[in-house]
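> fold the following.
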Amino acid sequence: MPELPEVETVRRGLSHLVRGYRIDNVKELHPRVRKSSSLMPLASLNGARILDIARRGKFLWFILDRPEVLVAHLGMSGQFLIGSRDRPAPRHVRAEFKLSRGLRRRSLVFNDQRTFGWLSMEQTSEGIPTSAQHIARDPFDPSIDIAGLIQKFKRRKIKIKSALLNQEIMSGVGNIYADEALWRARVHPESLASALSPKKIESVIECAIEVMSEAIEQGGTSFDDMYVHVDGESGSFDQSLSAYGQTNEPCPRCGTPIKRIVVGQRSSHFCPRCQRVSATSLRL
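Now for the predicted structure:
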């Protein structure tokens, strides 16, 4: 599933390519593309102008010249793609948008092979759409309270890997960047969040910000064509991964083979030498 760096890359691409364009026509091409709770059909967007593209965690939305916003969640394989004659037409188009800006014309499609992604027309409260109200701020939010966030982690008697994946504590971090952040912070994924010192939790947060910032600069992580940029290009951060997906590969720090375990039904990759943990920190 695309995580914060991938969604942010998509947001930047959309902002660059469609901001200021008017939506002339929208077609819903799959019965599940529109979320059931959507206030209205996507065709209600006809005539709206795109003012900007916003994001919180893994949610993004189109800010329009009207009260409602168009919210998107990419799910496992959702993609926004700008039409181009230089590459094959996408094969799993679920919605199509015809755009114009003066004499310029553009086609934008929502492509989704696995159909877990969705679009929705929603109202906002304090600038956040209904679907994203339940999730916490992400670590790139300028209004995030780091001291308060550290205390949220400290109060959770759950494994730190599970805490990082909990979008109601801090949004945007998924399996890839949780493993990478914990590797950088030298924290075992099974350590209890409540057993970590505030300084160590702060280090985990800082490492999450650091690794996701680097991933954004490289366009995110693409293992296959499930995630691509708006222009169809792939991200390259998969070449910089130190822990995630590196089972039995040597740790870049110490050379010990990376180990894979399951934490909260999710694969977790770590270095058994660099990310040691005391018995008390593992006790539930």
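> would you map the strands across the stretch 101-250 of the chain?
104-112, 118-122, 124-125, 128-129 (DSSP state E, counting those that start in this stretch).
> select, out of those, the one closest to residue 251.
strand 104-112 (36.2 Å; Cβ to Cβ). Where you see a C-beta, it was placed from the backbone N, CA and C, and this is true even at glycine.
> give me the contact list for that closest one.
17-18, 21, 30, 33, 72, 74-75, 77-83, 90-100, 117, 119 (Cβ atoms under 8 Å, 6 or more residues apart in numbering).
> filter those to the buried ones?
Using 16 or more other Cβ atoms under 10 Å as the burial test, those include 17-18, 21, 33, 72, 74-75, 77-83, 90, 92-99, 117, 119 as buried.
> so which of those are in strands?
Per DSSP state E, strands hold the following members of the buried ones among the contacts of strand 104-112: 72, 78-82, 93-99, 119.
> widest-spaced pair of these?
Greatest spatial distance among these (Cβ to Cβ): 78 and 98, at 19.5 Å.
> remind me, longest helix of this structure?
Ranked by residue count, the top helix of the chain under DSSP state H comes out as helix 198-217.
> the next helix or strand after that helix: which residues count as buried?
Later in the chain than helix 198-217, the nearest helix or strand by DSSP states H and E is strand 259-263. Judged by neighbour count (16+ other Cβ under 10 Å), strand 259-263 contains these buried residues: 259, 263.
> which residues does the next helix or strand after strand 259-263 contact?
Next in sequence after strand 259-263, counting helices and strands by DSSP H and E, comes strand 266-270. Strand 266-270 is contacted from outside by 161, 165, 175, 178-179, 182-183, 188-190, 243-247, 258-262, using Cβ under 8 Å, 6+ apart.
> would you show me how to pick out the buried ones of the residues you listed in PyMOL?
Selection of buried members from these for PyMOL, criterion 16+ other Cβ under 10 Å:
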select buried, resi 161+165+175+178+179+182+183+188+189+190+243+244+245+246+258+259
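> now residue 194, nearest residue through space, not along the chain?
Nearest non-adjacent residue to residue 194, counting by Cβ to Cβ, 6 or more residues apart in numbering: residue 157, 4.8 Å away.
> what is the burial count for that neighbour?
Neighbour count for residue 157, taken as other Cβ atoms under 10 Å: 11.
> this completes my enquiry, with thanks.
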